[in-house]
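Peer 1: Pasting a predicted model and its sequence here:
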Amino acid sequence: MGNLVANDVRDKYDKAFATIRGILEAFPEDKWLTPHGDEYYLPCRIAYHLAVFIDGFIAGNFGNPDFATSLPFGSWKDGTAETFPDKKTFIPYFEKAVAKGNEALAALTDEALLVPFGPDNARFGATPVGMHLQFMRELSAHTGELNKMLIENGQEDIWISR
């Protein structure tokens with residue numbers, strides 16, 4: 001059987017990361033720091049949250065006690081249009097987070113994905129497979145928000161499926 005499940009997990013992350021990257025590339029620069037609905041829904045905030053999530057959860061850096069204080073643009077929750085970076089400045093951090101995430105994902109094996117979690121990790125699921133499904137839900141929810149913002153700006157939505 002090899003690493004059939006692990007390879008599927010990596011493949012779905014590849015597509016999720018490519019979809020986010022496509023949205024970032026397509027997003028109009030002049031709308032990047034503009035609220036869509038209210039002050040929370042800044043495209044830059046949602047994209048930064050995705051990058052922090054990839055860097056922290058998927059790459060495994062939330063275990064680092066200095067992670068939150070070492071983020072390049074501060075807290076994604078507390079930032080504003082005045083403090084978040086422009087798209088050109090942001091994309092290198094996203095790419096770095098994806099590279100670290102892919103490095104961590106490269107170590108996945110079918111066996112490791114099926115080891116039951118203890119009670120400390122129950123919020124993620126019973127196994128690492130459940131955890132990765134939860135992580136993909138997080139990525140998908142915010143990808144949908146960014147795609148809606150793209151459409152509001154007259155652009156086509158982005159979905160990488162192959």
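Peer 2: In hand now; what should we look at?

Peer 1: Can you mark which positions in stretch 119-136 are buried?
Peer 2: Residues of stretch 119-136 classed as buried by neighbour count (16 or more other Cβ atoms under 10 Å): Phe124, Gly125, Thr127, Pro128, Val129, Gly130, Met131, His132, Phe135, Met136. Any C-beta I mention is one placed from the backbone N, CA and C, and that applies to glycine too.

Peer 1: Let me fix that, I meant to ask about stretch 59-78.
Peer 2: Ala59, Asn61, Leu71, Phe73, Trp76.

Peer 1: okay, who's weakest in these by pLDDT?
Peer 2: Lowest pLDDT within these is found at Asn61 (93).

Peer 1: what sits against it?
Peer 2: Neighbouring residues of Asn61 by Cβ atoms under 8 Å, 6 or more residues apart in numbering: Asp55, Phe67, Lys100.

Peer 1: Helices of the protein, start to end?
Peer 2: For the chain, the helices defined by DSSP state H cover 4-26, 43-53, 87-106, 110-113, 128-152.

Peer 1: in this structure, which residue is closest to the centre?
Peer 2: Closest to where the C-alpha atoms of the chain average out (Cα atoms, centre = their mean) is Leu50, at 3.2 Å.

Peer 1: Could you double-check that it lies in contact with Ile20?
Peer 2: Yes: Leu50 lies in contact with Ile20 (Cβ atoms under 8 Å); the separation is 5.8 Å.

Peer 1: what about Arg137, neighbour count?
Peer 2: 10 (other Cβ atoms under 10 Å).
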